[in-house]
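Engineer: would you be able to build a 3D model of this:
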Amino acid sequence: MGPALKILAPAKVNWFLEVLHKRPDGFHAIETVMQAISLFDEITVQNAPELTLACSIDLGPVESNLAFRAAELLRQRHAPGRGARITLTKRIPHGAGLGGGSSDAAATMVALNRLWGIGLSSTRMQELVAEIGSDCAFFIEGGTSLCTGRGEIVEPLPDVPAVDLVILYPSTVCPTGPVYADASSHLTGNPKKCYLFHVLKRDTNRTELAPAIFNRLQESALRVSSGLRQAWSQTDRLPGVLARFVSGSGSSIAFLMADPESASSLATSLKEMGLGQAFAVASLPRGAVWG
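Structural biologist: I've put the predicted structure just below:
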């Protein structure tokens, strides 16, 4: 089979997410600022006669897995007849609003682009993987980016200053469709703008970042999911927290922390409270994972 190539697939949070309107294709037009964070799935690829995927947890039919679909699309368009054994080790909670599946798709495409010696540019991989899912293109380069359209149009922004966060996954899945439907019914026609993220400087401190955080889906996710609502009610006014927000359409809650020590302490406390899985993580600059 030859040597294996291993690559990390980072999770994301949404610093900013505004829902603009519903498009004719049924998707919602959004404006969101995504941030890669240091919580990772792991992708390993090896040359093989056939294209296969083995996953550490049961995510249903292989043919529906975004990583496998990205591999199949890359093979059809640029490497007909090639095969690979893909091994996916999941650590990012599934259905948590952290983009794990989308990141797996992007990481698989990056890994196979290298393994098969195809030589696609980042721009071409973004265009290709966007056919798989709305968030996938962001993960080709990660860092901090403004994503528009249905999320597939990616504009790199200056990396936010390095910050520490805690991610709480309260072991409940928010159904994306009902969350967006609820948000659509509450749109005011006066959308917020994320201009602050265009002017953030590297020396911006995290207390200045906190007021810029916004998620239009947050209140809808809290209305739709009783499990998320219960976790939210139990995590108010915690020490060291500068901002608290739902990531994407849920069900993860992200906490912007004052420092790494506060992040580590809070993650431990949340686990001891029995609220679910908790991870102390940091923001990742562009290119931090695979360059």
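
Engineer: the strands in the stretch 51-200 of the chain, which residues?
Structural biologist: Residue ranges of the strands in the stretch 51-200 of the chain, as given by DSSP state E, counting those that start in this stretch, are 51-55, 84-89, 144-148, 153-156, 164-169.

Engineer: could I get the buried residue list for the longest strand along the chain?
Structural biologist: Among the elements of type strand in the chain, defined by DSSP state E, the one spanning the most residues is strand 28-47. For strand 28-47, burial by neighbour count (16 or more other C-beta atoms under 10 Å) applies to 28, 30-47. Every residue, glycine included, has its C-beta placed from N, CA and C.

Engineer: stretch 63-79 now?
Structural biologist: Neighbour counts over stretch 63-79 (16+ other C-beta under 10 Å) mark 65-71, 73-75, 78-79 as buried.

Engineer: what's the answer for stretch 223-239, then?
Structural biologist: Residues 224-225, 228-229, 231-232, 235, 238 are the ones in stretch 223-239 that count as buried (16+ other C-beta under 10 Å).

Engineer: and for stretch 168-181?
Structural biologist: Counting neighbours by 16+ other C-beta under 10 Å, one finds that the buried residues in stretch 168-181 are 168-170, 172-174, 176, 179-180.

Engineer: distance between it and the chain's centre?
Structural biologist: Mean C-alpha position of stretch 168-181 versus that of the full chain (C-alpha atoms, centre = their mean, to the nearest Å) differs by 14 Å.

Engineer: give me every residue that touches residue 102.
Structural biologist: If a contact means C-beta atoms under 8 Å, 6 or more residues apart in numbering, then residue 102 has 66, 132-136, 138-139 as its contacts.

Engineer: run the last query once more with 7 Å
Structural biologist: Residues in contact with residue 102, defined by C-beta atoms under 7 Å, 6 or more residues apart in numbering, are 66, 133, 135-136, 139.

Engineer: closest to residue 20 out of the residues you listed?
Structural biologist: residue 135 (16.5 Å; C-beta to C-beta).

Engineer: in terms of pLDDT, where does the nearest residue to residue 22 once chain neighbours are set aside sit?
Structural biologist: Nearest-residue entry for residue 22: residue 28, 5.4 Å, with adjacent residues in sequence omitted and distances by C-beta to C-beta, 6 or more residues apart in numbering. Looking at residue 28, its pLDDT is 80.

Engineer: ok, so what distance separates residue 28 from residue 164?
Structural biologist: Residue 28 sits at a distance of 31 Å from residue 164 (criterion: C-beta to C-beta, to the nearest Å).

Engineer: give the burial count for the closest residue to residue 150 other than its chain neighbours, as a bare number.
Structural biologist: Once flanking residues are discounted, residue 150 sits nearest to residue 27: 4.1 Å by C-beta to C-beta, 6+ apart. The local packing of residue 27 (other C-beta atoms under 10 Å) involves 14 other residues.

Engineer: same question, residue 276
Structural biologist: In terms of burial, residue 276 registers 20 neighbours under the definition other C-beta under 10 Å.

Engineer: these two touch, right, it and residue 167?
Structural biologist: No - here residue 276 does not reach residue 167: they are 9.9 Å apart, not a contact under C-beta atoms under 7 Å.

Engineer: please consider this matter closed, and thank you.
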